[in-house]
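[1] Model the structure of this input:
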Amino acid sequence: MQNINKTVVKSMKLLDLFRTRSSLTLNEMVELTGLPKTSTHRMIVSLEEVGLLQKDHTGTYSLGMIFLEFGQLVSDRIDLRQLALPIMKDLRDEIGEAVNLTIKDRAEALYIEKLDTSHPVRLFTKVGRRSPLYAGACSRIILAHLSEEEMENYLKGQALLSYGEGTITDPTLLREVLNTSRLEGYTVSHSELENGTTALAAPIFDYKGQIAGGLSIAGPSDRFDEQQLAKMIQKVKASAAKISHALGYR
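    Numbers count the residues shown, from 1 in each chain. Sure, this is the predicted structure:
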């Protein structure tokens, strides 16, 4: 910390203002940061020179177009599985149950990573497995956080078939569960894809605030009593939030 460049830090303080504001004047930046006007102006000129800020004909500043280029480069280079894996390992080691990572692939959920439990009795799931978006916590958490239009288009064209004794096949009930999942930030399923199983999942968001995938814990139902579920829900939500943060979600 002793070698930190104070000018760089102050410049980032200026750029950080544009997270919540599309444009600002010099005076507004001075007022919001509390930095001296003279030094603020020098930093703005430098930021404009390298393309990080741009000024319009009224003298108002906004983020430079170079951020589009950098943003796309970062987006292209992000590997969700690679970012999620160490967080998944910590979660699995803490709770002792299988942890799954899913993404949306067309009209299905696709398992792109799985860490098994150490228990001798376990669920059969593998990387590459697919499941319908409406069935099972790991799938439904993605469906719950799609846009209203995308969700409705899916539900209108999807036959709700039963995979287990707990599969939700009533469209009205499914919509209620989806709405609750969106509000509470998690979902739980019991015997939806396989009888005798329980799963709970939380959403993962990308830097645009859009759903990027789902993180779930799953296992035999007899290991998921109410007390255990309450603890696991908080842990899976916290782990999903860490992955979202790594993807740039704020």
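[2] what about the strands in this protein?
    53-55, 61-63, 98-105, 108-115, 130-132, 187-190, 197-205, 211-220 (DSSP state E).
[3] For residue 243, find the nearest of those strands.
    strand 197-205 (5.0 Å; Cβ to Cβ). All C-beta atoms are positioned from the backbone trio N, CA, C, and that covers glycine.
[4] Name the strands paired with the closest one and say parallel or antiparallel.
    Next to strand 197-205 in the sheet, as set by DSSP bridges, lie strand 187-190 (antiparallel), strand 211-220 (antiparallel).
[5] circling back: now render the strands of the chain as CSV, adding mean neighbour count, distance to residue 141 and mean pLDDT.
    As requested, the strands of the chain are exported to CSV (neighbours: other Cβ atoms under 10 Å; distance: least, Cβ to Cβ, whole Å; pLDDT from 0 to 100):
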stretch, mean neighbour count, distance to residue 141, mean pLDDT
strand 53-55, 18, 39, 94
strand 61-63, 19, 32, 94
strand 98-105, 22, 8, 92
strand 108-115, 19, 9, 90
strand 130-132, 18, 12, 91
strand 187-190, 22, 5, 95
strand 197-205, 26, 4, 95
strand 211-220, 26, 4, 94
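[6] Tell me which of the ones you listed lies nearest to residue 146.
    strand 211-220 (6.3 Å).
[7] Distance to residue 150 for the strands of the chain - can I get that in CSV?
    Below are these laid out as CSV (distance: least, Cβ to Cβ, whole Å):
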stretch, distance to residue 150
strand 53-55, 34
strand 61-63, 28
strand 98-105, 10
strand 108-115, 14
strand 130-132, 15
strand 187-190, 17
strand 197-205, 14
strand 211-220, 10
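[8] Out of these, flag the one nearest residue 156.
    strand 130-132 (14.6 Å).
[9] how deep is residue 17 tucked in, by neighbour count?
    Around residue 17 there are 15 other residues, counting by other Cβ atoms under 10 Å.
[10] what about the helices in the protein?
    Assigned by DSSP state H, the chain shows helices spanning 6-16, 26-33, 37-49, 66-77, 80-95, 137-144, 148-157, 171-184, 226-246.
[11] To residue 164, which of the ones you listed lies closest?
    It's helix 137-144; of the helices of the chain, that one is closest to residue 164 (Cβ to Cβ) at 12.4 Å.
[12] Mind giving me the packing neighbours of that closest one?
    For helix 137-144, the packing partners by 3 or more Cβ pairs under 8 Å, 6 or more residues apart in numbering; DSSP states H and E come out as strand 98-105, strand 108-115, strand 130-132, helix 148-157, helix 171-184, strand 187-190, strand 197-205, strand 211-220.
[13] can I get these in CSV with distance to residue 243?
    Output for the helices and strands packed on helix 137-144, formatted as CSV (distance: least, Cβ to Cβ, whole Å):
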stretch, distance to residue 243
strand 98-105, 8
strand 108-115, 11
strand 130-132, 20
helix 148-157, 22
helix 171-184, 18
strand 187-190, 17
strand 197-205, 5
strand 211-220, 6
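[14] right, so of the ones you listed, which gets closest to residue 58?
    Here strand 197-205 is closest among those (Cβ to Cβ), at 34.7 Å.
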